[in-house]
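J.: need coordinates for the below:
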Amino acid sequence: MGPVRRRERAVLVGVALPGVGRAAVEAHLEELAQLVDTAGGETVTRLVQERKAPDPATFIGRGKLEELASLVAEQAITLVVFDDDLSPAQARHLSEALPDGVKVLDRSAVILDIFALRARTREAQTQVELGQLNYLLPRLTRRWQHLSRQAGGIGTRGVGETQLESDRRVIRRRIALLERRLAEIERERRVQRGRRSNVPGVAIVGYTNAGKSTLFTQLTGHPTLVEDRLFATLDPRVRRAEIGDGLVVTVADTVGFIRKLPHHLVASFRATLAEAAVAQVVVHVVDCSHPEWEEQLRVGEEVLTSLGVDPRGCVVVLNKIDRLDGAAPPLVSDRRCVAVSARLGEGLAALRETLREAVLQLPGLAVLHFPAEGGEPLARALQEEVVVARRFRPDGIELVVRRG
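T.: Just a heads-up that it's a prediction; the model follows:
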């Protein structure tokens, strides 16, 4: 058995700006603590400052920075994590003001670290590396702007190019290569979706740790990693599931949403999230026991909108009703909602019924009715039509077929 890796001791820093209450900042820091825990760190303490605007040089004010430096020294802190994105200059100034060996990160850097930890497939690893390089590029540029040593080179460098410019060129070339690879992956996905085109597609989306993978397992019977941690799922999976009356659909599990998700990460994972954009039915899972469930729903709907998905057409699954201590699940206006406990299996029959109704309302599907004995018309339909589902009713047989 190898040595146990020591968890890094972290202090979390949040700033309450006008219009953002201290309670909201505390809630954001609670989520950041979960991110740090997932990344392998240990949150020792938290620091919150109320400001009219972030300090351009250090994000927090001089007095609060001195307090932070003392806290870091007194409690043997090795990691300082800001809940908001830091500019490269702010990160550098903060590092210079803190004891040697203390790392300064922002939320985006922690998310990237988790993604790198979780990536298993070639697709996920490519997406994560692209996100990391897009995050690094401006920081590399600004951090090393003071370098002026010229170093010409044969074949790879222009005349009088600095080492920094060479590094930037290497990174940009790598980014271009990764973008080409992702484009190839997306083409492969389109081919795969084309092969499944006769089967209606259902995509499960939602905030990280809302219970998407548990619901995926319940619907498909396919075991998957289920952890009470953020971003337990990074690699997408697609499996078939029967949702009643012989109606078979494909179900896709996708990467979770989170507030303040870096734009370059959303762009990197567009190929993965495309499963939601092309699905005929989108299931938006919400942890209705979470105190911030409305905010998490809003964040998810913003991402869906950016993908071209109308949130009003989604089926909202209010998950984890077993944690409500008997209270009624919340109401979401203008949405089709189903309350479930994916962990216990409660409400899944109602969810399957809702999914059947949603699928049968899709354009291009028709319902054909036949007498119970079937006969030649039924045999001809089974031979000539693309049958999506077969249902036996007291008054006969129904076939759901795809037309056009």
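J.: all helices for the stretch 51-200 of the chain, in order.
T.: 62-74, 88-97, 107-118, 122-143, 163-195 (DSSP state H, counting those that start in this stretch).
J.: buried sites along the third one?
T.: Using 16 or more other Cβ atoms under 10 Å as the burial criterion, the residues of helix 107-118 that qualify are 107-116, 118. Heads up, the C-betas are built off the backbone N, CA and C, glycines and all.
J.: what's the lowest-pLDDT member of those?
T.: Among the buried residues of helix 107-118, Arg118 carries the lowest pLDDT, at 77.
J.: so what does Val303 have for phi and psi?
T.: Dihedral pair for Val303: phi -70, psi -40, per degrees, to the nearest 10.
J.: and it, what does it touch?
T.: By Cβ atoms under 8 Å, 6 or more residues apart in numbering, Val303 lies in contact with 205, 257, 261, 266, 273.
J.: spatially central residue in the protein, please.
T.: Nearest residue to the geometric centre of the chain (Cα atoms, centre = their mean): Gly256, 2.7 Å.
J.: ok, it touching Thr208?
T.: Yes. Counting by Cβ atoms under 8 Å, Gly256 does reach Thr208; the two are 3.0 Å apart.
J.: circling back to that earlier point, of the buried residues of helix 107-118, closest to Gly63?
T.: Arg107 (23.4 Å; Cβ to Cβ).
J.: which regions of the protein lie under the pLDDT threshold?
T.: Within the chain, the segments meeting pLDDT under 70 span 1-5, 140-163, 193-197, 224-236, 262-265, 267-272, 404.
J.: the strands in the protein, which residues?
T.: 8-16, 41-50, 79-82, 103-106, 201-206, 237-242, 248-253, 281-287, 315-319, 336-339, 365-370, 386-393, 396-402 (DSSP state E).
J.: just so I know, which of the ones you listed lies nearest Val170?
T.: Using Cβ to Cβ, these put strand 103-106 closest to Val170, at 23.6 Å.
J.: rewinding a little: from the contacts of Val303, which land in helices?
T.: Cross-referencing the contacts of Val303 against helices under DSSP state H gives 266, 273.
J.: nearest to Ile60 among the contacts of Val303?
T.: Ile60 has its nearest neighbour among those in Leu261, at 23.1 Å by Cβ to Cβ.
J.: out of everything not next to it in sequence, what's closest to that closest one?
T.: Ile111 (7.0 Å; Cβ to Cβ, 6 or more residues apart in numbering).
J.: hmm, the one you found is touching Phe257, no?
T.: No. In this structure, Ile111 is not within contact of Phe257 by Cβ under 8 Å, at 11.5 Å.
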